[in-house]
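Student: okay, sequence plus prediction incoming.
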Amino acid sequence: ILKRARKVSFKNEWYDLIIDLNLEIGKIFYLQNNSVKAHQYYYQSKKIAKKYNLLSKLGLIHFAIASNYYFNFNDNKRALLYFNIAIKELRKSKDDFLYNAYGLRSWTYCRLGFYDRYYNDIKEIEKKIKKSNDIIKTIPLYHYCSSYYIWSGKSFKKGLNLALMAYENSKKTNYTLYEYSSLYSLMVAYYSVGKYKKAKEYIFRALKIAKEKKVYPGIYKFLNILGEIYLLEGNFEKAFKIISKLLNRQYRDEYSQSLSISYRLLSIYFFLTGKLKKAIKVVKKSFSSSNKYIGTHHMYCYQLLNLFYEYDGNILKSKKMKIKAEKFLKRRKGIKFLYQQNEKLIKEFKKIFVLNRYNINKDKKIKNELYLHAVNEMSQIFSEYHNEDLLLDTIVEKALELTGAQRGLLAIYLKDKPEYKVLKNIKQNQNELAKQLIKKVKDTKECLSTTLSQSKNHLFQEEMKSQNIKSAVCAPLMATGKVIGYLYLDSK
């Protein structure tokens, strides 16, 4: 119908209407992730506007072009260029779309790691929200602001409340596209604090809308988070199905950001399933397939390469990747929260690699390989760390990582009294179980472990039940045949 109307408009030389129709047709292609077709209509609108002096239309045209570059072409640099142009023109025409342009430009700044500029745009949007009484127009504005407070780590509570307002208002007005986009904010909010069940609930709602209404922009973001959740839950089969969907042409065109995100997710899958060489190769592919203008995606890739090289035994390359990630962090200080979130995820991936996937209690060969890896890593640490406190802290950190324990302490005996050097998630005043284990370790000079289900010692069992401890281990630190200290670990 739109194409027929466009044909009639061309015959009658109704150029103003042609631009509007082109933008509507382009929008349909854009919603179906056909960014090339959408661009053709947007650029034709631009030519007509300039040729027939319809300059008031240029703000919306440049906004449409910028959105396409942001969502479908993954070209942050060009998206930023066109958002800047659109904002200048929309300011002149005093069009309310100006605040949508601020919103999407703020996301572009976020992707590039410019959080100070990100906040400046959010402040403009918040001013508009205070003045506006139009429910439909404020829905996306709540959504933009919500994303800022969640992604920056400024206020999870405020971010969640704004996302809920956007979602509830979109449902009241029956505006499907806004409902779909507000579900993204809710998903990110719950995912960022580890509430995966709640995050999945909103993902499935968004995927249902996408399927029923054939609305695809940003669908790869929902699928990516869902894939990561499945990996964190140890459900590798479902995670691989998600990765396959992301790589499917149905969900992307050849320019889409989903390609780089798919490779990144696939690299994590390979790492967790023990295919380290493949993981390294694929994450490099993810890096090279994304836009060359360095952004937060690249930082995450550096952090993953640091992990993959570390477990592949290439300490030098691992260090280089860590330095690159930290250099990016120094240049874009506002992304510290995002960097820390990535590090939290990486810690979880390490635990899954060691405990869940390989089931080290059953597979002796893999258990030995993991301990050899740990010994190799510790020998590197001993040769490189000259600060005693840092060295001891690292020893406890690695012991927790390898065993999957939740709490740990390390003490050195000075004149037969323990001096606590490292305390991780545990208080200095030990429980009775720890005291008993430490005493036995000092007497026997042997490593001792106990679990609630296997312990035959009645006192140990009672203590473990009262403290809600599932398992504990204590190892002596020896020098010249004497116990000079001990390492204690336990899990709730």
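Tutor: Yep, that arrived.
Student: restricting the selection to alpha carbons, write the helix or strand where residue 317 lies to CSV.
Tutor: Counting by DSSP states H and E, the secondary-structure element that holds residue 317 is helix 315-331. Once side chains and other backbone atoms are set aside, the C-alpha atoms of helix 315-331 remain, and they are given as CSV (Å, rounded to 0.1, in the frame of the first residue of the first chain):
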residue,chain,number,x,y,z
ILE,A,315,51.2,-16.1,30.4
LEU,A,316,53.0,-13.5,28.3
LYS,A,317,50.1,-13.0,25.9
SER,A,318,47.7,-13.2,28.8
LYS,A,319,49.4,-10.3,30.4
LYS,A,320,49.5,-8.3,27.2
MET,A,321,45.7,-8.7,26.8
LYS,A,322,45.2,-7.6,30.4
ILE,A,323,47.3,-4.5,29.8
LYS,A,324,45.3,-3.6,26.7
ALA,A,325,42.0,-3.9,28.6
GLU,A,326,43.3,-1.8,31.5
LYS,A,327,44.6,0.9,29.1
PHE,A,328,41.2,1.2,27.5
LEU,A,329,39.7,1.5,31.0
LYS,A,330,42.1,4.3,31.9
ARG,A,331,41.1,6.2,28.7
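Student: the strand or helix carrying residue 207 - what's its average pLDDT?
Tutor: Assignment of secondary structure by DSSP H and E places residue 207 within helix 196-213. In this model, helix 196-213 has a mean pLDDT of 92.
Student: can you name the next helix or strand after it?
Tutor: Heading C-terminal from helix 196-213 (DSSP H and E), you reach helix 219-232.
Student: and that following helix, how far from the chain's centre?
Tutor: 10 Å (Cα atoms, centre = their mean, to the nearest Å).
Student: ditto for stretch 469-488
Tutor: A distance of 37 Å separates the centroid of the chain from that of stretch 469-488, by Cα atoms, centre = their mean.
Student: contact partners of that stretch?
Tutor: Contacts made with stretch 469-488 from outside it, assessed by Cβ atoms under 8 Å, 6 or more residues apart in numbering, are listed as 395-396, 399, 403, 405, 408-413, 418, 421, 430-431, 433-434, 437-438, 440-442, 445-452, 463-464, 489-492. The way it works is simple: take the backbone N, C-alpha and C, and place the C-beta from them, glycine included.
Student: just the buried ones from those?
Tutor: Buried subset of the contacts of stretch 469-488 (neighbour count, 16 or more other Cβ atoms under 10 Å): 395-396, 399, 403, 405, 408-412, 418, 421, 430-431, 433-434, 437-438, 441-442, 450, 463-464, 489-490.
Student: where in this protein is pLDDT low?
Tutor: Counting by pLDDT under 70, the chain has low-confidence residues at 74, 248-258, 289-294, 333, 355-387, 429-431, 452-460.
Student: nearest to the middle of it, which residue? Look it up for me.
Tutor: Taking Cα atoms, centre = their mean as the criterion, residue 342 is the residue nearest the geometric centre of the chain, at 5.9 Å.
Student: show residues contacting the helix holding residue 207.
Tutor: By Cβ under 8 Å, 6+ apart, the residues outside helix 196-213 that reach it are 176, 179-180, 183-184, 186-187, 190-191, 215-216, 219, 222-223, 225-226, 229, 232-233.
Student: quick one: buried ones out of those residues?
Tutor: Listed as buried from the contacts of helix 196-213 are 179-180, 183-184, 186-187, 190-191, 215-216, 219, 222-223, 225-226, 229, 232; burial here means 16+ other Cβ under 10 Å.
Student: buried sites along the helix or strand residue 473 falls within?
Tutor: For residue 473, the element it lies in under DSSP H and E is strand 471-479. Of all the residues in strand 471-479, those buried under the rule 16+ other Cβ under 10 Å are 471, 472, 473, 474, 475, 476, 477.
Student: for it, output the C-alpha coordinates as PDB.
Tutor: What follows is strand 471-479, C-alpha atoms only, in PDB (Å, rounded to 0.1, in the frame of the first residue of the first chain):
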ATOM      1  CA  SER A 471      32.900 -29.000  53.000                       C
ATOM      2  CA  ALA A 472      36.300 -27.800  54.400                       C
ATOM      3  CA  VAL A 473      40.000 -28.400  53.800                       C
ATOM      4  CA  CYS A 474      43.100 -27.300  55.600                       C
ATOM      5  CA  ALA A 475      46.700 -27.600  54.300                       C
ATOM      6  CA  PRO A 476      49.900 -27.000  56.200                       C
ATOM      7  CA  LEU A 477      52.600 -24.600  55.000                       C
ATOM      8  CA  MET A 478      55.900 -26.300  55.400                       C
ATOM      9  CA  ALA A 479      59.500 -25.200  55.600                       C
END
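Student: so in that sheet, which strands flank the very next helix or strand once past that strand, and in what orientation?
Tutor: Beyond strand 471-479 on the C-terminal side, the first helix or strand identified by DSSP H and E is strand 482-491. Neighbouring strands of strand 482-491 in its sheet, by DSSP bridges, are strand 407-414 (antiparallel), strand 471-479 (antiparallel).
Student: let me have the ones you listed in CSV, extended by distance to residue 332.
Tutor: Rendered in CSV, the data for these read as follows (distance: least, Cβ to Cβ, whole Å):
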stretch, distance to residue 332
strand 407-414, 34
strand 471-479, 41
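Student: mind checking which of the ones you listed is nearest residue 94?
Tutor: Comparison of these against residue 94 by Cβ to Cβ identifies strand 407-414 as nearest, at 59.8 Å.
Student: got a list of contacts for the closest one?
Tutor: 392, 395-396, 399-400, 418-426, 428, 430, 434, 477, 483-492.
Student: please redo it, this time with the cut-off set to 6 Å
Tutor: When contacts are taken as Cβ atoms under 6 Å, 6 or more residues apart in numbering, the neighbours of strand 407-414 outside the stretch itself are 392, 396, 400, 418-426, 484-490.
Student: can you flag the buried ones in these?
Tutor: When these are checked for burial by 16+ other Cβ under 10 Å, the buried set is 392, 396, 400, 418, 421-422, 424, 426, 485-490.
Student: so which residues of the stretch 301-450 of the chain form strands?
Tutor: Under the criterion DSSP state E, counting those that start in this stretch, strands of the stretch 301-450 of the chain are mapped to 407-414, 417-424, 448-451.
Student: any idea of the angle the second one forms with strand 482-491?
Tutor: Here strand 417-424 points in a direction 30 degrees away from that of strand 482-491 (axes from the mean of the first three to the mean of the last three Cα atoms, to 10 degrees).
Student: didn't residue 110 look like it was pressed against residue 119?
Tutor: No. With contact defined as Cβ atoms under 6 Å, residue 110 and residue 119 do not form a contacting pair (9.9 Å).
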